[in-house]
Each structure stands twice: as C-alpha cells, then as structure tokens.
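K.L.:
pasting the sequence and the predicted model now:
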Amino acid sequence: MFARPKLDFPLEREGGTHISTREIWSLTWPQALTMFFQFMVGFTDVFVAGRIHPHLQGALGIVTQCQFFFQVLGIALVNGGLAAMSQALGAGLPLRAQRYTGLLFKAGAVFSLATLALGYVFATDLLLFLRVPPDIHDLTLELWLMQLPILPASYLAFVTAAVFRARKIVRVPLISVVIVCLVNLAADLGFGLGWFGLPRLGAAGIVLSSIISVSCGGLFNLAVLIKEGLLSLAGFAPLRWEKCAIGYVMKVAMPAGGTQLLWHFGYLVLFLITNTLPHDSVVAVNGLTAGLRVEGLLFLPAMAFSLTGSILVGHCLGAGDAAEAKRVGLRVTGAGAGAMSLLALCIFPFISGIMAFVSPDADVQKVAESYIFYNLLAMPFSVVSMTMSGLFSGAGATVFSLAAFSTGTWVVRLPLAWYMGHVIWESASGIFLAMLVSQIVQAGLSMYLFLFCDWSRFASTARRMARPGRKT
C-alpha cells in the first residue's frame, strides 16, 4: 500500500543545508489537512451534542479541556521525541532515531496508564475545583468518567504520528486522521442521534464514538510503522542506552510539558472565570465552548506551519546549520502569519452565519460571535506565537516557549480576564478582550527570544549525539 518511507527532501547537500519554498509547502499542506480533519472530529461531537441538549455542549467543552490537561505529559513527551528524532535524522543517525521511537513507545505506555488512573481518582475533585455550574455538574462528571479510556488510544496516536513527522512522512498521519474522522462521524450520528438503525445513546454515544475512532487511527499508524520497518525489536535499545538517551528527551519534554500544563490549566481557569461570571454563566460557558471549536478550525493552518517549522529546524540543527534553521524559521513564520491574516479578513463578514450553524441557541450564538470577533483580531499575533513554539520545540529550546506562554497566560490573560469580565464589563466579552491583549504580548516576547537569544545551543549536534556510540 505504501512505498518504503524515506526523507522526501534530503538536507545535507553540497554547499550546505538549504530549505526550498517547495519543501516548506509540501510539508505544510498535508499537515494542514490533517489538522482540518482533526477539527472535524471535535466539530462533529459539538454539533451532535447541540442537537441532543444545549447543556451537553458546555459539559463536553469542560471534559475536552480536562482531557487535554491529562494529556500534557504525552504531548510533552512527543515534543521531546520529535526533536530528538528529527535532529538524529538530520545528523545522519537513522538507528538512533529508530531507538528514540522505541523509547517513546515505552514511555507513552507508562504515562497513558498513569494518567488513566489519576483521571479516575481525581475526577470529582477536578470538577469541584472548576466550580462547574450545578445545572451541568452531574452530566460533566458522567461524561468525564466515560471519556477516560480514550487516553491510552490518544497516546498511541500522538506517538505514532510523531514518528512519521520526524521522518517527513506527513501523508500517513493524514490518512489516519481521515479514518478517525469518518468513523467518528458515522458513530456520532449512529450512537448519538440514532441514525442508521443504531441505538440512540445520547451523550454516551458521543463518548463511545470518540473511543472507537481514535483507537482506529492509532492502530492504523501502528500497523504501517511495523509494516515499513520503522518500529521493530531493533528499535528497543538496551537499558543503558535508554538511560543516556532519555536525558535529552526529558530536557526538551519538561519545559514543553510545563508549557502545555500552564496553557491548558490556564484554559481550565478561564472556564472557572467564565463559570463564575455575575450574569448568565451557563450561556457564557456554552458560547465559549462553541467559539473554541470554531477557533480550532481557524488555526489549523497555523498548527501546520508550526509542525513544519519544528521538523525543518530539527533537521537543520541536526545537520549543524544553525543559520539556515533561523532563516527557515522566519520564512515559515512569515508565511503562516500572512496566510492566516488574509483568512481572518475573509471570515469577518460571515461570523454570524457560522455561529448560527454551530449552535441553534440565540444567546449562545451571541457570546460565541463575540469570542470569534476578538480572536480574529488576534490572528496574526496568535500565529506568530504558535509557529515560534514549533520552532523552539524543533531546536529543543522549549524553555523559551515556556517563558513566552506562561507570561502571556498567567501574567496577562487570566488576571486581566477576571478584572475585565467580573469588574469592568461583567460579561464574557471582557474575558475575550483580555485574550486578545495576551496574544499580543505573547507574540512580541516569542519573536524577541527567537531573534536575540541563542536558542540553537539547546539542540543535539551530530558530535554530541554520537557520544553513546558512533553507529547509533
């Protein structure tokens, strides 16, 4: 079904490393489509939930944020592994890259089981902390407990997709997510709304659909990895090697995990601030949830540019060409910001129509429209932040992303959101304005760190990577 995977764009050429524009776009468009189909999975869930009961959208939004929070370790681990594998391949060390693959699978299995256990133990405490409105508390708890088994499947999908991306094989993850999207759509309509003669399970049907579809995607990736020889017994290195290799992975993963932790925890606090608004808090939460889903669609190309930048920077630094890594980083950032700003201008006239399609409730529509309006204004700044995060991740300099995102979220966004939402405007619009301001600060700080700080020193060079053994 698939030809033997290989690097589509060899980096080590005469005269030094050079990344072409064709190479950037050839890596970006499949990943943009991958992000689109991932969005469609979440969009389908919210769309079906809105047709079951308006409160289900708010509960599902809180559960989704909790799920992201518990996946932080897995995402951080993948960031560290992606950087290590990309740099190893750029340095001409394929066996080392394969061994990092085996290491990621082992660590992913441990983390997935640990987060699954923690999710069950702290389920009630988590919702109490979030002060979920009484109207949706029991429903949210029920959904969360049912959704927890998806965590191991999600870890499998994360790890396998990262292995392909590190090798510049971006079309296999695209096929995988198309499978997930189609299975989830059929199962949502079937088990959620009772189509196709299937039993109408309501909220439980949406959860069941997610578990089935994500498992299908992860298993598909795994099958291709084994078939093409990218995952084999040779990739599971001796414990002595893993003890040496895990150091660099964790050096990248720990700040990345901190960034993800603070980012998603910040969104949980944002839900808390929204939950406790002086007026219409349930409507505000439902509008925020609907807005987040649409925002996810708007930022899909930005995520693709971020992933492309991470891959290319890692390969360039592995090949020892820091100058080209910086040049390609700026080119990817500029292309992403320009394309997304143009997209924002095209979407402004259609905000009302889009939100009417997402949620049938008029009050929820109004809140969601406000959310999208402010996020469209923030578009160029958000894209810069996201792309820079990918560049820092590919270089292994995730500590810079940690500094930028924690400042933007915890120093600016959350205090300002509470003040604007609870004191000045007493509405969700004040919270959304605070998000715009925080994105401006975050983008400015990220760009400063990229231009004026030595982030390339965090990468593993070919010489350093070869220390445990020249052949690996």
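P.N.:
On my side now, so go ahead. Numbers count the residues shown, from 1 in each chain.
K.L.:
going forward, measure contacts between C-alpha atoms and count neighbours the same way
P.N.:
Will do.
K.L.:
give me the buried positions along the helix or strand containing residue 25.
P.N.:
Using DSSP states H and E, residue 25 maps to helix 21-52. Neighbour-count burial for helix 21-52 flags 24-50 (criterion: 16 or more other CA atoms under 10 Å).
K.L.:
residues in contact with stretch 243-252: which ones?
P.N.:
Contacts to stretch 243-252, defined as CA atoms under 8 Å, 6 or more residues apart in numbering, come from residues 76-77, 79-81, 83-84, 100, 103, 393, 396-399, 468.
K.L.:
can you give me the helices in the stretch 351-472 of the chain?
P.N.:
Ranges of helices in the stretch 351-472 of the chain, per DSSP state H, counting those that start in this stretch, are 351-358, 362-377, 379-395, 398-406, 414-418, 428-452, 462-465.
K.L.:
please apply the same query to the stretch 101-250 of the chain.
P.N.:
Under DSSP H, counting those that start in this stretch, the stretch 101-250 of the chain gives helices at 123-130, 134-147, 150-166, 171-187, 193, 203-227, 239-275.
K.L.:
for the stretch 101-250 of the chain, what are the low-confidence residue spans?
P.N.:
Scanning the stretch 101-250 of the chain for pLDDT under 70 picks out the ranges 130.
K.L.:
make it 80
P.N.:
Scanning the stretch 101-250 of the chain for pLDDT under 80 picks out the ranges 123, 125-139, 142, 147, 203, 232-235, 237, 243-244.
K.L.:
quick revisit: what angle sits between the helix holding residue 25 and helix 351-358?
P.N.:
60 degrees (axes from the mean of the first three to the mean of the last three CA atoms, to 10 degrees).
K.L.:
run the chain-centre distance for helix 21-52.
P.N.:
Distance, stretch centre to chain centre, for helix 21-52: 11 Å (CA atoms, centre = their mean, to the nearest Å).
K.L.:
if you count contacts, what does it end up packed against?
P.N.:
If you count contacts as 3 or more CA pairs under 8 Å, 6 or more residues apart in numbering; DSSP states H and E, helix 21-52 packs onto helix 54-70, helix 171-187, helix 203-227, helix 281-298, helix 300-318.
K.L.:
tally of neighbours for the closest residue to residue 306 other than its chain neighbours?
P.N.:
Residue nearest to residue 306 in three dimensions, not counting chain neighbours: residue 387, with 4.1 Å by CA to CA, 6 or more residues apart in numbering. By the criterion of other CA atoms under 10 Å, residue 387 has 29 neighbours.
K.L.:
quick check: residue 387 touching residue 333?
P.N.:
Yes - between residue 387 and residue 333 there is a contact under CA atoms under 8 Å: 5.8 Å.
K.L.:
list residues touching both of the two?
P.N.:
Joint contacts of residue 387 and residue 333 (CA under 8 Å, 6+ apart) are residue 305.
K.L.:
picking up where we left off before, out of the helices and strands packed on helix 21-52, which gets nearest to residue 19?
P.N.:
Comparing these by their distance to residue 19 (CA to CA), the top pick is helix 300-318, with 7.9 Å.
K.L.:
tell me which residues in the closest one are buried?
P.N.:
300-318.
K.L.:
after that helix, which helix or strand is next?
P.N.:
Counting by DSSP H and E, the next helix or strand C-terminal to helix 300-318 is helix 322-347.
K.L.:
just how off-centre is that next one within its chain?
P.N.:
Relative to its chain's centre, helix 322-347 lies at 18 Å (CA atoms, centre = their mean).
K.L.:
which elements pack onto that helix?
P.N.:
For helix 322-347, the elements it packs on are helix 300-318, helix 379-395, judged by 3+ CA pairs under 8 Å, 6+ apart.
K.L.:
CSV for those, including distance to residue 271?
P.N.:
Below are the helices and strands packed on helix 322-347 laid out as CSV (distance: least, CA to CA, whole Å):
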stretch, distance to residue 271
helix 300-318, 22
helix 379-395, 20
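K.L.:
of all those, which one is nearest residue 224?
P.N.:
helix 300-318 (20.4 Å).
K.L.:
avg pLDDT for that closest one?
P.N.:
What helix 300-318 shows for mean pLDDT is 89.
K.L.:
from here on, count from 48
P.N.:
All set: I'll call the first residue 48, so the last point we hit is now helix 347-365.
K.L.:
now the angle from it to helix 197-213?
P.N.:
Going by the same axes, to 10 degrees, helix 347-365 makes 60 degrees with helix 197-213.
K.L.:
quick one: which of the helices and strands packed on helix 68-99 is nearest residue 398?
P.N.:
Of those, nearest to residue 398 by CA to CA is helix 328-345, at 9.9 Å.
K.L.:
which two of the contacts of stretch 290-299 have the greatest separation?
P.N.:
446 and 515, at 25.0 Å, using CA to CA across the contacts of stretch 290-299.
K.L.:
what about the two, which has more around it?
P.N.:
residue 446 (22 against 13).
K.L.:
you'd agree that one is up against residue 300?
P.N.:
No - the criterion here is CA under 8 Å, and residue 446 misses it with residue 300 at 9.4 Å.
K.L.:
you'd agree residue 439 is up against residue 450?
P.N.:
No - counting by CA under 8 Å, residue 439 sits too far from residue 450 to count as a contact (11.4 Å).
K.L.:
between these two, who's got more neighbours?
P.N.:
For residue 439 versus residue 450, neighbours defined as other CA under 10 Å are more numerous around residue 439 (31 against 17).
K.L.:
please name the nearest non-neighbouring residue to the more buried one.
P.N.:
Per CA to CA, 6+ apart, closest to residue 439 is residue 445, 5.4 Å.
K.L.:
any idea how far that neighbour is from residue 485?
P.N.:
19 Å (CA to CA, to the nearest Å).
K.L.:
quick one: which of those two has more around it?
P.N.:
Ranked by neighbour count (other CA under 10 Å), residue 445 and residue 485 place residue 445 first, with 28 against 25.
K.L.:
contacts only, for the more buried one.
P.N.:
299, 300, 302, 303, 436, 439.
K.L.:
and the pLDDT at it?
P.N.:
pLDDT for residue 445: 91.
K.L.:
hang on, the earlier thing: what's the closest of the helices and strands packed on helix 68-99 to residue 157?
P.N.:
Of the helices and strands packed on helix 68-99, nearest to residue 157 by CA to CA is helix 101-117, at 13.4 Å.
K.L.:
contacts for that closest one next, please.
P.N.:
For helix 101-117, the external contacting residues (CA under 8 Å, 6+ apart) are 93, 96-97, 162, 166, 182-184, 186-187, 190-191, 195, 198, 250, 307-308, 311-312, 314-315, 318, 329, 332-333, 336-337, 408.
K.L.:
give me that answer again for 7 Å
P.N.:
Helix 101-117 has contacts (CA atoms under 7 Å, 6 or more residues apart in numbering) with 93, 96-97, 162, 183, 186-187, 190-191, 308, 311-312, 315, 332-333, 336.
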